[in-house]
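Everything below, folded, please.
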Amino acid sequence: MDAQSAILVGGLDVFIMAILVVFIGAFINRKIPVLSRNSIPDAVTGGILMSIVLSIVTKRYDLQLEFDMRGRDLLLLVFFSTIGLSAKFKALLEGGRALAILLGIAIVFLILQDFVGILLAELMGAHPAYGLFVGSISLAGGHGTAIAWGAEAEKAGLEGAQVLGLTFATFGLIMGGLIGGPIASRLIEKNKLKSSVASLKDTASANTPNLIKPVSVNEILSTLLVIAISIAVGDWINRFLFDSGVLLPGFLTAMLVAIIITNGSEYTKFTINQRTVSIVGDVSLQVFLAMSLMAIQFMAIQGAFLKLIILLACQVTVMTLFTMWIVYRVMGRNYDSAVMASGFAGLGLGATPVAIGNMNAITQKYGPSPKAFLVVPLVGAFFIDIANALILKFYLSLPRMEAILG
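Here you go, the predicted model:
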């Protein structure tokens, strides 16, 4: 590849493109009823379309397109800070049992996802270790886990493991955003489910527009200040823990600091405007998803496209059946459980932001679900990664997995 053919899209240009992608997605969703009816997030629709267009253009003109994604990483921290600012300890205690149950469900699903991946790999005549890369390493684990495990696997002789993992993580991200909305919409409409009165009271200011009192400049500034403090203190905690040998994701510590701040504010005169928090969270999430999806290079995997589609279709089918028959039923067969099902689909195939995007699209259409917004991010932000690591260790201890023991 000629160095002159490489194009770097800078931070501000990426941000502009991402916002335009969200607007394009919103326009397409309005024009295609099946998309809006199934609550597909605007950023997912626009992001997929943009990624396809850019892939075709770069292939046609032999270009290499690279995006500066530092702004996206900051948006992720901002978004999870807003999740923390919306979480009250009282609600956390109320959701404790639901959190434990959903975590148990997630562990069962991770075992199943890897089992299906290994089975598919063996049916296609590949080493069973590849199955983990079409399982929880890439899907539930996401891009970061795929990169980490892929590097180790390739050192041990499992050729192409990292590319396979990144490809599946990318497709999983897309499918997680596509199926979550339809799953929840079908459950809600088929069972005539409605948001509870208690939930509406808990999140009235955060999820419904206040048409009487507009948000003031001071409220916006104070919200941004609290978010900035949450991110900064969370980063300081992360560096301290890293020096002590403990590694936590940055968004988790930012969210925990925000939780402490918002609950501490109940004992002071400082107030946090939840409507402003909700708006900032929605904006950061939409732009984050748009940035992530529009940067996907589809043409790089065209040679193995058919096999990948078959493998992904199997995993998506498993996820769909699992969310509708297990997650929804075990979590209570109510509105909250339907919203959790949409989030679980995004979590198990993509990443926590995709799960939130699914739930956000559903709650904007059908009504709020604070229980789902509390439980699903907590499972996705921390607990599922620990469970995934332990389950992967178990599978890697099996006799036929020696290729990636290291």
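
which residue ranges form the helices in the stretch 301-406 of the chain?
305-322, 328-330, 335-349, 352-366, 370-378, 384-396 (DSSP state H, counting those that start in this stretch).

Tell me which of these is the most buried.
helix 335-349 (a mean of 30; mean count of other C-beta atoms under 10 Å). (Each C-beta comes from the backbone N, C-alpha and C, glycine too.)

just to revisit the earlier point, how about CSV for the helices of the stretch 301-406 of the chain, with distance to residue 164 and mean pLDDT added?
As requested, those are exported to CSV (distance: least, C-beta to C-beta, whole Å; pLDDT from 0 to 100):
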stretch, distance to residue 164, mean pLDDT
helix 305-322, 9, 89
helix 328-330, 31, 96
helix 335-349, 16, 94
helix 352-366, 20, 88
helix 370-378, 28, 85
helix 384-396, 15, 83
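
Same list (those) but as CSV, adding distance to residue 130.
Listed next are these as CSV, based on distance: least, C-beta to C-beta, whole Å:
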stretch, distance to residue 130
helix 305-322, 10
helix 328-330, 31
helix 335-349, 18
helix 352-366, 24
helix 370-378, 29
helix 384-396, 12
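
Can you tell me which of those helices is nearest to residue 116?
Closest approach to residue 116 among those is made by helix 305-322 (5.5 Å; C-beta to C-beta).

what's in contact with the closest one?
Applying C-beta atoms under 8 Å, 6 or more residues apart in numbering, the external contacts of helix 305-322 come out as 109, 112-113, 116-117, 120, 124, 134-135, 139, 167-168, 171-172, 175, 179, 183, 301, 345, 348-349.

tilt between that helix and helix 335-349?
150 degrees (axes from the mean of the first three to the mean of the last three C-alpha atoms, to 10 degrees).

Which one, of the helices of the stretch 301-406 of the chain, ends up nearest to residue 31?
Closest to residue 31 of the helices of the stretch 301-406 of the chain, according to C-beta to C-beta: helix 352-366, at 16.9 Å.

packing partners for that closest one?
helix 70-85, helix 161-190, helix 274-294, helix 335-349, helix 370-378 (3 or more C-beta pairs under 8 Å, 6 or more residues apart in numbering; DSSP states H and E).

by how many degrees do that helix and helix 274-294 diverge?
In terms of direction (the same axes, to 10 degrees), helix 352-366 departs from helix 274-294 by 120 degrees.

Measure how far helix 352-366 is from the centre of its chain, please.
10 Å (C-alpha atoms, centre = their mean, to the nearest Å).

Now do the SS call for residue 296.
coil (DSSP: H, G, I helix; E, B strand; the rest coil).

Go ahead and confirm residue 193 touches residue 340.
No: in this structure, residue 193 is not within contact of residue 340 by C-beta atoms under 8 Å, at 12.0 Å.

what sits against residue 277?
82, 85-86, 206, 223.

how about a cut-off of 6 Å?
Contacts for residue 277 were tallied using C-beta atoms under 6 Å, 6 or more residues apart in numbering; they are 82, 85-86, 223.

Least confident of those?
Minimum pLDDT for the contacts of residue 277 is recorded at residue 86 (78).

tally of neighbours for it?
Neighbourhood size, residue 86 [other C-beta atoms under 10 Å]: 24.

Let me know the closest of the contacts of residue 277 to residue 374.
residue 86 (8.3 Å).

quick one, phi psi at that closest one?
For residue 86, the backbone dihedrals (degrees, to the nearest 10) come out as phi -100, psi 0.

repeat for residue 128
Dihedral pair for residue 128: phi -60, psi -20, per degrees, to the nearest 10.

so what's it closest to, chain neighbours aside?
Residue nearest to residue 128 in three dimensions, not counting chain neighbours: residue 118, with 4.7 Å by C-beta to C-beta, 6 or more residues apart in numbering.

Assign a three-state SS to that neighbour, would you?
Secondary structure for residue 118, judged by three-state DSSP, is helix.

What count of nearby residues applies to it?
23.

what about residue 142, how many neighbours?
27.

Could you verify my assumption that it touches residue 350?
No: Residue 142 lies out of contact with residue 350 (C-beta atoms under 6 Å); the separation is 7.0 Å.

Tell me how far the residue nearest to residue 128 lies from residue 284.
Note on residue 118: its distance to residue 284, by C-beta to C-beta, to the nearest Å, is 37 Å.

distance of residue 146 from residue 226?
Distance from residue 146 to residue 226, by C-beta to C-beta: 34 Å.

quick one: which of the two has more around it?
The residue with more neighbours, out of residue 146 and residue 226, is residue 146; 26 against 23, by other C-beta under 10 Å.

secondary structure element for that one?
Taking DSSP states H and E as the definition, residue 146 sits inside helix 142-155.

roughly how far is that helix from the heart of the chain?
Worked out by C-alpha atoms, centre = their mean, helix 142-155 lies 19 Å from the chain centre.

That one versus helix 161-190: what angle between them?
150 degrees.

so what does helix 142-155 touch, helix or strand wise?
When contacts are defined as 3 or more C-beta pairs under 6 Å, 6 or more residues apart in numbering; DSSP states H and E, helix 142-155 sits against helix 161-190.

quick one: average confidence on the helix it packs on?
86.

by contact count, what packs against it?
Helix 161-190 is packed against helix 130-133, helix 142-155, helix 335-349, helix 352-366, with contacts defined by 3+ C-beta pairs under 6 Å, 6+ apart.

how deep is the closest residue to residue 149 other than its chain neighbours tucked in, by neighbour count?
If you skip the residues right next to it in sequence, residue 149 has residue 137 as its closest partner in space, 4.9 Å away by C-beta to C-beta, 6+ apart. Applying other C-beta under 10 Å, we find 31 residues neighbouring residue 137.

can you offset everything so residue one is 36?
All set: I'll call the first residue 36, so the last point we hit is now residue 172.
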